[in-house]
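A.B. asks: What shape does this take:
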Amino acid sequence: MLKAKNENQKRILCYGDSLTWGYNPADGTRFAYHETWPGVMERSLGESYKVIVEALTARTTCWDLPYAPDRNGSKFLPMLLESHAPLDMVIIMLGINDLMHLSGKTADESAWGLLSLIRIAYTPLFGGTPPKILIIAPPVPGKMSDFSREGFGVAEEEIKKLPAAQKIVAETALCDFMDSNDFIKVDSVDGLHPMPDQYKILGEAVAERVRKIL
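C.D. replies: Modelled structure (predicted):
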């Protein structure tokens with residue numbers, strides 16, 4: 001079995017989109033790592049844990065975007081799992097872009113896309129044990145700006161259904177699940193991306209769950 005350099009350190013891969021990347025809705029830049037929820041989680045967990053962030057804006061679960069085919073999450077996850085092996089846990093927070101960028105997609109379809117990622121993550125590598133998987137349902141939009149509503153308002157109702165749909169898939173696949181909406185809300189200029197005060201709350205909540213799982 002492949003061993004990490006520090007065998008006592010738990011290795012966690014965070015796989016997500018702009019919500020994990022740390023998109024700043026105020027100016028389109030990136031928040032400092034310590035302001036993102038993975039950064040907060042890593043600091044809370046301490047040196048016994050190694051947090052690896054693989055996040056990309058506009059990433060989908062398993063669909064190509066006509067203008068950005070490299071956003072398909074299912075195409076890159078296998079390579080990343082192998083690159084960062086061994087992993088004790090994979091945390092996935094995806095789904096909103098399935099609904100925002102792909103016309104007509106439903107929350108249920110997005111949740112099935114999430115299931116494809118779960119199946120990939122559960123595949124053992126190098127004869128090792130598959131990682132634990134934690135699914136985090138992304139926060140639903142707050143009050144959208146006019147620009148956000150013009151581009152993505154049509155998907156708002158399906159996005160509200162996404163946490164429940166993802167919970168069903170996670171339970172079916174025997175994954176751990178948490179709903180970010182139980183902890184935070186989106187109250188930012190675009191109504192889509194949380195600010196650091198909310199990421200701090202989420203990161204600490206995820207850290208608490210990780211300790212219980214690992």
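
A.B. asks: Kindly provide the distance from the residue nearest the centre of the chain to P124.
C.D. replies: In the chain, the residue lying closest to the centroid (Cα atoms, centre = their mean) is M93, at 1.8 Å. The gap separating M93 from P124 is 23 Å, by Cβ to Cβ, to the nearest Å. Quick note: C-beta positions are derived from backbone N, CA and C, even for glycine.

A.B. asks: just to revisit the earlier point, these two touch, right, the residue nearest to the centre of the chain and S18?
C.D. replies: No. Using Cβ atoms under 8 Å, M93 makes no contact with S18, being 10.4 Å away.

A.B. asks: Give me the secondary structure label for F177.
C.D. replies: Of the three states, F177 takes strand under DSSP: H, G, I helix; E, B strand; the rest coil.

A.B. asks: Ok, F126 next?
C.D. replies: coil.

A.B. asks: what bits of the protein have low per-residue confidence?
C.D. replies: 1-6, 151 (pLDDT under 70).

A.B. asks: Hmm, T61 and L102 touching each other?
C.D. replies: No. Between L102 and T61 there is no contact under Cβ under 8 Å: 10.2 Å.

A.B. asks: Looking at the two, which one has more neighbours?
C.D. replies: Ranked by neighbour count (other Cβ atoms under 10 Å), L102 and T61 place T61 first, with 26 against 17.

A.B. asks: So the more buried one is in contact with R119, correct?
C.D. replies: No. Here T61 lies out of contact with R119, judged by Cβ under 8 Å, at a distance of 11.6 Å.

A.B. asks: and the nearest residue to A68 once chain neighbours are set aside, what is it in contact with?
C.D. replies: Among residues not flanking A68 along the chain, A58 sits closest, at 6.1 Å (Cβ to Cβ, 6 or more residues apart in numbering). Neighbouring residues of A58 by Cβ atoms under 8 Å, 6 or more residues apart in numbering: 17-18, 65, 68, 71, 97, 101.

A.B. asks: Helix or strand for Y15, just tell me which one.
C.D. replies: For Y15, the host element (DSSP states H and E) is strand 10-16.

A.B. asks: Mind checking what helix or strand follows that strand in sequence?
C.D. replies: Following strand 10-16 toward the C-terminus (DSSP H and E): helix 18-21.
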